[in-house]
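1. For reference, the sequence and a predicted model appear below.
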Amino acid sequence: MENPLLLFPQLNISASKDKPYYKVTKSAIKEEPHKASKPGSVSPEEAVKWGESFDKLLSEKAGLDAFTKFLKTEFSEENIEFWIACEDYKKSKNAHELLPKAKTIFETFIQKDAPKEVNLDFHTKEVTSQSMGQPLRSTFDAAQSTVYRLMEQDSYPRFLRSAPYLGLLQARPAARAPLRRRSRSFTVSDFKGVRPDLTVW
């Protein structure tokens, strides 16, 4: 009896599913990687819009993905992960979802010595902590706003000066045209007087 051959599509297992915040953020970012990772999927025109405001950058999936990758190079990705978790938290459909999600976010990003602790002032941390008993959709608003401003004033300007972002701005079709012309002329001159085996083509 033959054993059936099972084929599986390539799976992306790079996400850290063992970390508690993954459960909170997965629904918000699950569509990110495949869209933004394709070469040339971001046009210079799109990239220009990211430079208009921090809000426009975060409102587009490719922009959010590019900014997240940049923060990883600075070892400060906990800020954007917290922001994404808060966005997902506010989309909770009922009160029963709020408590476990709030507990996960608090333990991952806010409490003292949390594995992904974000930089919050004492007052904001205290107000957030006090609302954990009966969390509301607005429980993390103050903390999220603080982290948003931190990224907007600190990380965002550096992102706009980074090599990956500047590279997106310069990836214009006109810049690739000379390469195609040289390629054709080279092919013609290269095969003058030569009889290649065209069957390989």
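-> It's in.
2. Looks like residue 85 contacts residue 106 (just checking).
-> No - assessed by C-beta atoms under 8 Å, residue 85 is found out of contact with residue 106, at 10.4 Å. All C-beta atoms are positioned from the backbone trio N, CA, C, and that covers glycine.
3. between these two, who's got more neighbours?
-> residue 85 (25 against 20; other C-beta atoms under 10 Å).
4. Okay, the more buried one and residue 118: tell me how far apart.
-> Look at residue 85 and residue 118: by C-beta to C-beta, to the nearest Å, they are 10 Å apart.
5. Now do the shared contacts for those two.
-> residue 109 (C-beta atoms under 8 Å, 6 or more residues apart in numbering).
6. and residue 91, which of the three is it?
-> What DSSP: H, G, I helix; E, B strand; the rest coil gives for residue 91 is coil.
7. mind listing what it touches?
-> Contacts of residue 91 (C-beta under 8 Å, 6+ apart): none.
8. Make 42 the starting number, not 1.
-> Sure thing, new numbering starts at 42, so read that last one as residue 132.
9. Now it: phi and psi?
-> phi -90, psi 0 (degrees, to the nearest 10).
10. Any figure for the gap between it and residue 178?
-> Remark: distance between residue 132 and residue 178 (C-beta to C-beta) = 9 Å.
11. Let me see the residues that make contact with stretch 184-197.
-> Contacts for stretch 184-197 (C-beta under 8 Å, 6+ apart): 95, 98, 108, 111-112, 115, 117, 120-121, 123-124, 127, 151, 159-162, 165-166, 169.
12. Using PyMOL, make a named selection holding only the buried ones among those residues.
-> Of those, the buried ones go into a single PyMOL selection, burial set by 16 or more other C-beta atoms under 10 Å:
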select buried, resi 95+98+108+111+112+117+120+121+123+124+127+151+159+161+165+166+169
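13. Restricted to strands, list the contacts of stretch 184-197.
-> Taking DSSP state E, every one of those sits outside strands.
14. Just the contacts of stretch 184-197: which are in helices?
-> 95, 98, 108, 111-112, 120-121, 123-124, 127, 165-166, 169 (DSSP state H).
15. And the residue lying closest to residue 178 once chain neighbours are set aside, how far from residue 145?
-> Leaving aside its sequence neighbours, residue 178 sits nearest to residue 131 (C-beta to C-beta, 6 or more residues apart in numbering; 5.2 Å). Using C-beta to C-beta, residue 131 is found at 14 Å from residue 145.
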